[in-house]
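Visitor: Structure for the following, please:
(chains A and B)
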Amino acid sequence: MTSPRYKGRFGAPQAERLLWRAGFGPRKGEATQLARLGLDGAVRRVTRPPGEKWIGPPPHDDKGRPLAPADAYGHDHLWWLDRMVRTSRPLVERMTLVWHDWFATSNSGVGSQKLMLAQNRLFRRHALGSFRKLLLEVTANPAMLIWLSGTENTKDAPNENYARELMELFTLGEGNGYGETDVREQARALTGWRYTWKRGQGPVDFRYDRSRHDPSFKSIFGRRGTFDWRDACNLCLQHPRHPHFFVDKLWSYFVPVPPDPQTRAELERLYREGYEVRPLLEAILRHPAVYTGPRMVKPPAVYLAGLLRGLGRGVDTSSWVWLSEMAGQRLFYPPNVAGWDDGRWLDTATFRGRWQIANNALAPFSLRDGRGPKVPNDPEAIVKGALKVMGDPTIRPETRAALTRFARESLAGAQTGWKAKAYPALVANAVRQLLAVSPDLQAS
Amino acid sequence: MRALAVIAAIGALAVLIGAAEAGAAAPQRMQVTQDEWSLVLSRQVLRAGPALIEVFNIGQDGHDLVMLRKTAGAKSVRVKKLDHFMRAELNVRLVKGTYTLWCSLPNHRKRGMVATLRVR
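Guide: I've put the predicted structure just below:
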């Protein structure tokens, strides 16, 4: 039995969708190049990329200063956004973002950009690797130990915070094959972590201290033993309901509708072979659902990074920090431990953030009469020009028709006098903005 | 919205021995995070030379900051009281030595809002 495989034409539009789902969209010409590799070659290029290269100008803040991700407010966000924009290995960054959402940890509770960046490196290191290793390292990760009270969980005063989320959000799903007794017993198994508070430095020297661990017998999922934190993780991974949960959750980051039973069964089988993520991703990215299924709303960070990649623009302003927050996704600050709510990506509040992101992204390319290339008084040419500026994204015929109609109607009253001179550039700017916020570019 | 919190940009010149020169290489960066009751430095050691220090109050109460090199006659640099989630920037030129940073509001230093920075 194998997972279904897409057998249709694999051209630039399909490669473009692959680059959006498995990264941050194409740079100009990238989709056409990738399409030449065919489906298997393209998926392989995405999941097994050659050495990392940085493409584009290095990032800086509004004052032209280099970024200081651990030492300046908002620079953590800009630093990661820059990686998304300039990387030659977008799936690694995209999976880092997936794990950031999966094991959602917020600096609002951690209070240390340095620790958050260390966790980010952990996510990147295991981006396409073993979920088992990732889970074990996340459980012992300093930012997570602070965020979910791991260092407050002692044999004398067990704290259930991490134990509950370990099962509910990270490995099994709410109430799926465990009960309150398991939560309490898992909490006892997870006891033993601590740190030292140093004046001027904050929490340092995170370590496992056996004297704080509860070594007595626990009963978890019907099994009895003197379990510790590693056992707590392994018991979750060995739980018969874990593969189903894992496959459904991972799938949901790439396809907006659940997998069919045959696909799910095959993906679960693949996953059971060793908790490896890469084979699953390859199976998912070759699946027909990616290429023929419904479109998927881009998370704000993906939308923004993709706009900049398409425009060929680097990270050159700190405005992306507050604009991303306005659109609903400030990196390193997920709203809670459950991660971001995909249902809010395009609500009436966050859409305003996207509008402003598009406006700011396009600002350096803004046309004015007398500045830059002359804009033809031709609706179709204006739409074509807007597409070219944005890296020639694929759009539906009805979107192209709507943009052309808008340009035509806007230019209708401007055939003579100063309007004939000034309007084409203004209309071209408006068409670019409308294209950037169109459904075609908000979803992939 | 936290990102829209006003930034108190104090271009405090400084101190410790003169202002950072315009056009020089990018200054070293350090963040000082204020909370009840701690001051946490993102770096414990900096090199002598220009530095850009961001002071960020993540606490609920207001806090100020004083920075003083441990040597006779040294002049302090001050950041006036920052309310919750306010930030300030200090442009300073550091010289070798040990600096103490603290919140000078009554009892705040005693409660733990003090830190040491070494400059090599």
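Visitor: dump the residue contacts of A:G385.
Guide: Contacts of A:G385 were listed using CB atoms under 8 Å, 6 or more residues apart in numbering or on different chains, and they are A:V375, A:A428. All C-beta atoms are positioned from the backbone trio N, CA, C, and that covers glycine.
Visitor: Tell me the buried residues in the helix or strand it falls within?
Guide: Using DSSP states H and E, A:G385 sits in helix A:379-389. For helix A:379-389, the buried set under the neighbour-count rule, 16 or more other CB atoms under 10 Å in any protein chain shown, comprises A:P379, A:I382, A:V383, A:K384, A:G385, A:A386, A:L387, A:V389.
Visitor: And the contacts of the host helix or strand of A:K421?
Guide: Applying DSSP H and E as the criterion places A:K421 in helix A:417-436. Residues outside helix A:417-436 that contact it (CB under 8 Å, 6+ apart) are A:307, A:355, A:358-359, A:361-362, A:365-369, A:372, A:375-377, A:382-383, A:385-387, A:389-390, A:395, A:399, A:403, A:406-407, A:410-411, A:413-414, A:441.
Visitor: Return the alpha-carbon coordinates of that helix using CSV.
Guide: Listed in CSV are the C-alpha atoms of helix A:417-436, where the atom choice follows Å, rounded to 0.1, in the frame of the first residue of the first chain:
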residue,chain,number,x,y,z
GLY,A,417,-5.4,66.9,-19.7
TRP,A,418,-3.5,66.4,-16.5
LYS,A,419,-5.5,63.3,-15.7
ALA,A,420,-4.2,61.5,-18.7
LYS,A,421,-0.7,62.1,-17.5
ALA,A,422,-1.2,61.5,-13.8
TYR,A,423,-3.8,58.7,-13.6
PRO,A,424,-1.9,55.8,-15.1
ALA,A,425,0.7,55.7,-12.4
LEU,A,426,-2.0,56.1,-9.6
VAL,A,427,-4.1,53.3,-11.2
ALA,A,428,-1.0,51.1,-11.5
ASN,A,429,-0.3,51.5,-7.8
ALA,A,430,-3.9,50.7,-7.0
VAL,A,431,-3.8,47.6,-9.2
ARG,A,432,-0.7,46.4,-7.5
GLN,A,433,-2.3,46.8,-4.0
LEU,A,434,-5.4,45.1,-5.1
LEU,A,435,-3.4,42.2,-6.6
ALA,A,436,-1.4,41.8,-3.4
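Visitor: circling back: buried subset of the contacts of helix A:417-436, written for PyMOL?
Guide: Buried members of those, defined by 16+ other CB under 10 Å, are picked up in PyMOL with:
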select buried, chain A and resi 307+355+358+359+361+362+365+367+375+377+382+383+385+386+387+389+390+395+399+403+406+407+410+411+414+441
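Visitor: what's the average pLDDT for stretch A:25-38?
Guide: Looking at stretch A:25-38 alone, the average pLDDT works out to 97.
Visitor: how far does it stretch from start to finish?
Guide: 17 Å (CA to CA, to the nearest Å).
Visitor: centre of the chain versus it, how much separation?
Guide: Relative to its parent chain, stretch A:25-38 has a centroid offset of 20 Å by CA atoms, centre = their mean, to the nearest Å.
Visitor: Only the buried residues of that stretch, if you could.
Guide: A:G25, A:P26, A:R27, A:K28, A:E30, A:A31, A:L34, A:A35.
Visitor: which residues touch the residue nearest to the fifth one when sequence neighbours are not counted?
Guide: Nearest-residue entry for A:E30: A:L19, 6.6 Å, with adjacent residues in sequence omitted and distances by CB to CB, 6 or more residues apart in numbering or on different chains. By CB under 8 Å, 6+ apart, the contact list for A:L19 reads A:G25, A:P26, A:E30, A:A31, A:L34, A:V46, A:P90.
Visitor: With A:G306 as the reference, measure out to A:L19.
Guide: 9 Å (CB to CB, to the nearest Å).
Visitor: can you check A:F351 too?
Guide: A:F351 is 17 Å from A:G306, by CB to CB.
Visitor: Same question for A:G38.
Guide: A:G38 is 23 Å from A:G306, by CB to CB.
Visitor: Mind checking what secondary structure the closest residue to chain A within chain B has?
Guide: Across chain B, no residue is closer to chain A than B:A115, which sits at 3.1 Å (CB to the nearest CB). Here B:A115 is recorded as strand under DSSP: H, G, I helix; E, B strand; the rest coil.
Visitor: So in terms of bridging, what pairs with it?
Guide: On the basis of DSSP bridges, B:A115 is bridged to B:L101.
Visitor: Give me the below-cutoff pLDDT ranges for the chain.
Guide: Because you didn't say which chain, this covers chain A. A:1, A:369-371 (pLDDT under 70).
Visitor: Chain B, not that one
Guide: In chain B, residues with pLDDT under 70: B:1-24.
Visitor: Please enumerate the strands of it.
Guide: With strands called from DSSP state E, chain B shows them at B:28-35, B:38-41, B:45-46, B:49-57, B:63-69, B:77-82, B:87-94, B:97-102, B:114-119.
Visitor: Make TSV out of those and add distance to A:S3 and mean neighbour count.
Guide: Converted to TSV, the strands of chain B look like this (distance: least, CB to CB, whole Å; neighbours: other CB atoms under 10 Å in any protein chain shown):
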stretch	distance to A:S3	mean neighbour count
strand B:28-35	47	22
strand B:38-41	48	22
strand B:45-46	53	15
strand B:49-57	48	23
strand B:63-69	56	22
strand B:77-82	55	19
strand B:87-94	50	22
strand B:97-102	58	19
strand B:114-119	55	18
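Visitor: Tabulate these (JSON lines), appending distance to A:A68.
Guide: Output for these, formatted as JSON lines (distance: least, CB to CB, whole Å):
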{"stretch": "strand B:28-35", "distance to A:A68": "4"}
{"stretch": "strand B:38-41", "distance to A:A68": "13"}
{"stretch": "strand B:45-46", "distance to A:A68": "12"}
{"stretch": "strand B:49-57", "distance to A:A68": "8"}
{"stretch": "strand B:63-69", "distance to A:A68": "18"}
{"stretch": "strand B:77-82", "distance to A:A68": "18"}
{"stretch": "strand B:87-94", "distance to A:A68": "12"}
{"stretch": "strand B:97-102", "distance to A:A68": "18"}
{"stretch": "strand B:114-119", "distance to A:A68": "16"}
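Visitor: out of those strands, which comes closest to A:H213?
Guide: Minimum separation from A:H213 across the strands of chain B (CB to CB) falls at strand B:38-41, 27.4 Å.
Visitor: what about A:A401, how many neighbours?
Guide: 12 (other CB atoms under 10 Å in any protein chain shown).
Visitor: Apologies, that question was intended for A:R48.
Guide: By other CB under 10 Å, neighbour count at A:R48 equals 12.
Visitor: got it, and A:E168?
Guide: Other residues close to A:E168 by other CB under 10 Å number 17.
Visitor: How about A:R313?
Guide: A:R313: 18 neighbours (other CB under 10 Å).
Visitor: OK, contacts around it?
Guide: A:G56, A:A361, A:P364.
Visitor: ok, back up a step: so what's the gap between the helix holding A:G385 and the chain middle?
Guide: Counting by CA atoms, centre = their mean, helix A:379-389 comes out at 30 Å from the chain centroid.
Visitor: counting contacts, what elements does the helix or strand following that helix pack onto?
Guide: Next helix or strand after helix A:379-389 toward the C-terminus (DSSP H and E): helix A:397-412. In terms of contacts (3 or more CB pairs under 8 Å, 6 or more residues apart in numbering or on different chains; DSSP states H and E), helix A:397-412 is packed against helix A:379-389, helix A:417-436.
Visitor: How far does helix A:397-412 sit from its chain's centre?
Guide: 33 Å.
Visitor: Compute the inter-axis angle for it and helix A:379-389.
Guide: Interaxial angle, helix A:397-412 versus helix A:379-389 (axes from the mean of the first three to the mean of the last three CA atoms, to 10 degrees): 120 degrees.
Visitor: So what's the residue count around B:S104?
Guide: 14.
Visitor: and it, what does it touch?
Guide: B:S104 neighbours (CB under 8 Å, 6+ apart): B:D64, B:L65, B:V66, B:R78.
Visitor: List, one by one, the residues from chain B near chain A.
Guide: Contact residues, chain B versus chain A (CB under 8 Å from any CB of the partner chain): B:1-4, B:26-27, B:29-31, B:33, B:35, B:38-44, B:52, B:54, B:56, B:58, B:87, B:101, B:112, B:114-117.
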